[in-house]
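Q: A structural model of the following input is requested.
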Amino acid sequence: MKMDNEIEGFWNQNPVGSNFVEYQSGKAFYEDYDRFRYRTEGHILDELDQIDFSDKSVLEIGLGQGADSMQIIKRGAIYYGIDLTEESVKRLKERFALYELPYKEVRKANAQTIPYGDNFFDIVYSHGVIHHSPEIKKIVSEIHRVLKPGGKAIIMLYHKNSFNYYISIGLLRRTGLILLLIFPFLVKLVSKLTSESVERINGHRKNFKSLGWKYFTMKEFLHKSTDGPDNIYSSVWNSNTSSKLFKEFDNIKFKIHFLNERHLLGVQKILSNGMKNKLARMYGWHLWIFAEKKLKFEFIGDSG
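A: Prediction:
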């Protein structure tokens with residue numbers, strides 16, 4: 001319960017994307033945010049285009065700034081949304097009012113206990129959210145419960161077998177921060193090497209003072225290197241571990257996306273678009289999981 005409260009507090013203060021586009025009430029903010037999101041993660045729109053949302057009851061877990069929510073509604077969904085934080089719920093309702101978008105319900109709720117009945121939704125969608133809970137198994141079980149038989153779960157989790165996990169987080173950021181302990185005047189160089197802001201680097205320094213060398217173990221460092229040094233919890237997954245996570249489901253499929261060019265140290269300038277796309281499909285940071293709830297079949301015995 002304490003960690004749940006800490007996670008809620010962090011995301012309430014730091015809605016996703018707020019470090020890239022500063023929030024201001026009004027349409028201009030949402031337009032700026034959407035341009036940023038789909039310029040850097042354009043594959044999201046491509047994936048949404050391949051999903052039949054029309055007249056489907058859809059639950060989104062984790063609302064962020066409501067960019068994907070709006071896209072889902074525009075594609076014909078009967079929309080429901082839940083988020084752990086009041087702030088994202090407030091922003092989503094503001095966005096929907098500004099754009100006059102229809103929806104069924106948006107509410108604050110913990111996905112560990114989804115506040116809807118069994119077999120309620122055709123689709124559950126969640127992009128980059130549930131890996132921030134240590135109770136992810138419980139959340140996936142809840143997703144299974146609220147889906148109708150044959151219903152689809154579309155979930156993005158951080159990808160362990162990625163450039164970002166092994167090179168950016170595991171090597172460059174840890175090396176850069178250790179370098180700063182020896183040469184503290186190299187802040188700007190380390191900022192460029194790690195693609196971390198000076199503010200975030202100072203946050204890492206503060207964490208090191210509290211935890212010591214334990215901070216540089218991947219078990220500890222991962223949490224603080226995905227969404228800022230104050231982030232409470234994150235986990236990473238691959239096709240094997242996520243198959244076990246979604247073991248109650250059927251027809252599990254995977255796609256990998258998003259090789260963040262900020263982390264490539266300029267190498268992206270000499271790579272063709274085709275090569276970058278190929279690397280993204282192999283070593284991207286976003287693991288999309290597509291899974292279906294098994295259909296129930298009733299067998300009627302021969303009465304003769």
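
Q: so is the residue nearest to Ile7 when sequence neighbours are not counted in a helix, a strand, or just coil?
A: Nearest residue to Ile7 in three dimensions, chain neighbours excluded: Ile232, at 4.7 Å (Cβ to Cβ, 6 or more residues apart in numbering). From N, CA and C alone the C-beta is placed, and that goes for glycine too. Classification of Ile232 using DSSP: H, G, I helix; E, B strand; the rest coil returns coil.

Q: I'd say Ile232 and Asn5 touch.
A: No. Between Ile232 and Asn5 there is no contact under Cβ atoms under 8 Å: 9.6 Å.

Q: hey, C-alpha coordinates of stretch 208-215 in CSV?
A: The C-alpha coordinates for stretch 208-215 follow below in CSV (Å, rounded to 0.1, in the frame of the first residue of the first chain):
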residue,chain,number,x,y,z
PHE,A,208,23.6,7.9,-5.0
LYS,A,209,24.3,9.8,-1.8
SER,A,210,21.3,8.0,-0.2
LEU,A,211,21.9,4.5,-1.5
GLY,A,212,25.6,4.4,-2.2
TRP,A,213,27.0,1.9,-4.7
LYS,A,214,23.9,-0.2,-4.4
TYR,A,215,22.3,2.5,-6.6
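
Q: got the buried residues for that stretch?
A: 208, 215 (16 or more other Cβ atoms under 10 Å).

Q: repeat for stretch 62-79
A: Result for stretch 62-79 [16+ other Cβ under 10 Å]: buried residues 62-73, 75, 77-79.

Q: Next, work out how far apart Pro229 and Ser210 are.
A: Relative to Ser210, Pro229 is positioned 11 Å away (Cβ to Cβ, to the nearest Å).

Q: How far away from the center of its chain is the helix or strand bottoming out on mean pLDDT in the chain?
A: Least confident helix or strand of the chain, by mean pLDDT, DSSP states H and E, is helix 187-194 with a mean of 85. On the basis of Cα atoms, centre = their mean, to the nearest Å, helix 187-194 sits 26 Å off its chain's mean C-alpha point.

Q: so what's Val89 up against?
A: Going by Cβ atoms under 8 Å, 6 or more residues apart in numbering, Val89 touches 63, 81, 83, 106-108.

Q: quick one: what helix or strand has it in it?
A: Element membership for Val89 (DSSP states H and E) is helix 86-99.

Q: now for the very next helix or strand once past that helix, which elements pack on it?
A: Downstream of helix 86-99, the next assigned helix or strand under DSSP H and E is strand 105-108. Using 3 or more Cβ pairs under 8 Å, 6 or more residues apart in numbering; DSSP states H and E, the elements in contact with strand 105-108 are strand 78-83, helix 86-99.

Q: The residue most central in space within the chain and Gly42: what is the separation?
A: Closest to where the C-alpha atoms of the chain average out (Cα atoms, centre = their mean) is Gly128, at 0.8 Å. Using Cβ to Cβ, one gets 15 Å for the distance from Gly128 to Gly42.

Q: And Ser57, by the same measure?
A: 27 Å.

Q: Can you pick out the residue with more neighbours from the two?
A: Counting neighbours by other Cβ atoms under 10 Å for Ser57 and for Gly42 shows that Ser57 has the greater number, 20 against 12.

Q: so which of the helices and strands packed on strand 105-108 gets nearest Ser239?
A: Evaluated with Cβ to Cβ, these place strand 78-83 nearest to Ser239, the distance being 27.1 Å.

Q: now that closest one: how far from the chain's centre is it?
A: With Cα atoms, centre = their mean, you get 16 Å for strand 78-83.

Q: Could you find the closest non-adjacent residue to Lys137?
A: Leu245 (6.6 Å).

Q: Name the strands paired with the longest strand anywhere in the chain and say parallel or antiparallel.
A: The longest strand of the chain (DSSP state E) is strand 147-158. When pairing is defined by DSSP bridges, strand 147-158 lines up against strand 121-127 (parallel), strand 286-293 (antiparallel).

Q: Those: which one's closest to Gly9?
A: Using Cβ to Cβ, the strands paired with strand 147-158 put strand 121-127 closest to Gly9, at 20.4 Å.
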